[in-house]
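>>> Mind folding the following:
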Amino acid sequence: MEFLIWRSYVTNITPPMQYVYGGETMLGFNRGNHNRTNTYLAVLEAKKRVLSHLWSIELGNEPDVYLWQNKADAVIPWNASQEGADAANWAQGFIDAWKSPSRSSLQAHTPLAIFAERVFMATFVNRSFILGETNFHPYDVGMDEPFGAALATLDKSLHVVTLGIQRLYFHQGTINQGEHIVELDSGNGSYAQYVIYSKGRPTKAVLVNTDYFSGSGVRTKSTIRLNGLVNSRVKAVRMTAASSEVTTNGTASYPIIGGQFFSNVDCSSIGALTYKKTAVTTGKVTITVAASEALLLYL
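Numbers count the residues shown, from 1 in each chain. Coordinates of the predicted model:
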C-alpha cells in the first residue's frame, strides 16, 4: 500500500492503517512544494503513529513533472542531475528529522570519533581543519540550553585540540592555556580523560563523565586512576549540576564550578572557590566523577 502524506494530511494517516492489517506500507512525503518545515513535521508524525506498519518512504512523488507543475523545488532546466542532488539534500534533512537526537546522545563522548578521519583527510590534502561551531546556542535552541550541552562543549573542545585542529571558533569565550593536550582514553566509552601540558610537563588533567543524568534515580559514578604523578597530592575543581537538564534561567538550581556559580545579572562569580584535595600514593591517584560531571585536576 502506498499513501502520500504531508502535514495537512496527517489526520488521514490512521484510517488507512486500519486496512493494512500489519502489511507493508510506503509513505510518500511532499518535496515539490519546498516546505521542509511542513514535511519534516509530517515525518515526525509518521514515526510516532505508523512506525510498526512502515516499510519504506518516498521523498517526493513523481519529481520528473515538478517543472511542468510549477513546483517550488524545481529550477530550470530541472534535469536528472539537479533532481538527484535535490533528493540527496532532502534525504539528509529527512535523516536528521527522523533521528531526532536526544540530549543524552548530544552530550555523549563516543560520537567525537568522527573528527579523527575528517582531520586526517584535511591534512592529507594539505588543508587546515577549522571547527566553526564548537559550542552550542544557549536559549536559541532548547536542545542546547542545559548543563549537558556545556559538558559536551568542554569535551569536544579538548578532544579536537588533541587531533591537531588549528582553530576553534566559539560564540563567546576562548581557550588559551597550555602548550598541547593529550587524550588518554580510547574514545570508545563515556569517560573522557585529557592531560594539559605546559613547558613540556603535565600540569593539569580534565576528566569528563558524559553519562546522562536526568535528575531522578541513582546517579552513577566512574572511578578513574591516574599514574606517574610526581607531587604528593592533587587538587580538583568540580564542574557539576543537579542534572544534565539544569539551565541558568533564574531558577534556584545552577551549574556549579568549584562551589561557585555565575550571576544572571552581571555574570560575576557567586560563592567561594573551593578545591578538593586528594593524596597521591606511589605516584597514583584515584578520582571519582559522577554522571554529567567534569573535574579539572591540578597535578
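
>>> Grab the most central residue of the chain for me.
With distances taken as Cα atoms, centre = their mean, residue 106 lies nearest the centre of the chain, 2.8 Å away.

>>> Leaving out chain neighbours, which residue sits closest to that residue?
residue 152 (5.9 Å; Cβ to Cβ, 6 or more residues apart in numbering). All C-beta spots, glycine's among them, are computed from the backbone N, C-alpha and C.

>>> Count the residues that sit near the one you found.
24 (other Cβ atoms under 10 Å).

>>> part of a strand, is it?
No - counting by DSSP: H, G, I helix; E, B strand; the rest coil, residue 152 is not found in a strand; it is helix.

>>> give the contact list for it.
Contacts for residue 152 (Cβ atoms under 8 Å, 6 or more residues apart in numbering) come out as 106, 107, 108, 136, 210.

>>> for residue 278, same thing?
With Cβ under 8 Å, 6+ apart, residue 278 has these contacts: 233, 234, 235, 236, 285, 286, 287.

>>> Return the set of residues that bridge with the second one.
Just to be clear, that refers to residue 234. On the basis of DSSP bridges, residue 234 is bridged to residue 278.

>>> I'd like the distance between it and residue 113.
Going from residue 234 to residue 113 by Cβ to Cβ, to the nearest Å gives 29 Å.

>>> more neighbours, the two?
Neighbour count, other Cβ under 10 Å: between residue 234 and residue 113, residue 234 has more, with 21 against 12.

>>> got the contact list for that one?
Residue 234 neighbours (Cβ under 8 Å, 6+ apart): 226, 277, 278, 280, 285, 297, 298, 299.

>>> tell me which of the residues you listed is nearest to residue 256?
residue 297 (16.9 Å; Cβ to Cβ).

>>> Spatially nearest residue to the closest one (excluding sequence neighbours)?
residue 205 (4.3 Å).

>>> Walk me through which strands the host helix or strand of the one you found pairs with, and which way each runs.
Assigned by DSSP states H and E, residue 205 belongs to strand 201-209. Sheet pairing of strand 201-209 (DSSP bridges) gives strand 191-198 (antiparallel), strand 293-298 (antiparallel).

>>> now what about that strand, what contacts it?
Outside strand 201-209, the residues touching it (Cβ under 8 Å, 6+ apart) are 109, 151, 154-155, 158, 178, 190-198, 221-222, 224, 226, 287, 289-299.

>>> In this protein, where is pLDDT below threshold?
Across the chain, the ranges flagged by pLDDT under 70 are 1-24, 99-104, 132-133, 136-144, 171-179, 249-252.

>>> ok, the residue sitting furthest away from the middle of it - contacts?
No residue in the chain sits farther from the centre than residue 68, which is 41.5 Å out by Cα atoms, centre = their mean. The contact partners of residue 68, by Cβ under 8 Å, 6+ apart, come to none.

>>> which residues of the stretch 51-200 of the chain fall in helices?
80-99, 103-106, 114-124, 147-162 (DSSP state H, counting those that start in this stretch).

>>> what helices or strands is the longest one leaning on?
Read it as helix 80-99. helix 36-50, strand 54-59 (3 or more Cβ pairs under 8 Å, 6 or more residues apart in numbering; DSSP states H and E).

>>> right, so the ones you listed: which one is the most enclosed?
Most buried of those, by mean neighbour count (mean count of other Cβ atoms under 10 Å): helix 36-50, with a mean of 17.

>>> picking that back up, sort out which one of the contacts of residue 234 lies nearest residue 30 for me.
residue 297 (53.9 Å).

>>> And that closest one, how close does it get to residue 195?
9 Å.

>>> The two: which has the busier surroundings?
Neighbours around residue 297 and residue 195, counted as other Cβ under 10 Å, are more numerous at residue 297. The numbers are 24 against 21.

>>> can you put the helices of the stretch 51-200 of the chain in a markdown table and add distance to residue 254?
Compiled in a markdown table, the helices of the stretch 51-200 of the chain are given as follows (distance: least, Cβ to Cβ, whole Å):
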| stretch | distance to residue 254 |
| --- | --- |
| helix 80-99 | 31 |
| helix 103-106 | 18 |
| helix 114-124 | 31 |
| helix 147-162 | 9 |
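
>>> which of the ones you listed is buried the deepest?
Most buried among those, counting by mean count of other Cβ under 10 Å: helix 147-162, with a mean of 22.

>>> and the angle for that one with helix 114-124?
Relative orientation of helix 147-162 versus helix 114-124 (axes from the mean of the first three to the mean of the last three Cα atoms, to 10 degrees): 30 degrees.

>>> Please export the alpha-carbon coordinates of helix 147-162; CSV is fine.
What follows is helix 147-162, C-alpha atoms only, in CSV (Å, rounded to 0.1, in the frame of the first residue of the first chain):
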residue,chain,number,x,y,z
PHE,A,147,24.2,21.8,31.5
GLY,A,148,24.7,18.7,29.4
ALA,A,149,25.4,20.9,26.4
ALA,A,150,28.1,22.7,28.3
LEU,A,151,29.7,19.4,29.2
ALA,A,152,29.6,18.4,25.5
THR,A,153,31.3,21.7,24.6
LEU,A,154,34.1,21.1,27.1
ASP,A,155,34.6,17.6,25.9
LYS,A,156,34.5,18.5,22.2
SER,A,157,36.9,21.4,22.6
LEU,A,158,39.6,19.3,24.3
HIS,A,159,39.1,16.3,22.0
VAL,A,160,39.6,18.2,18.7
VAL,A,161,42.7,20.0,20.0
THR,A,162,44.3,16.6,20.6
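
>>> All set now, cheers.
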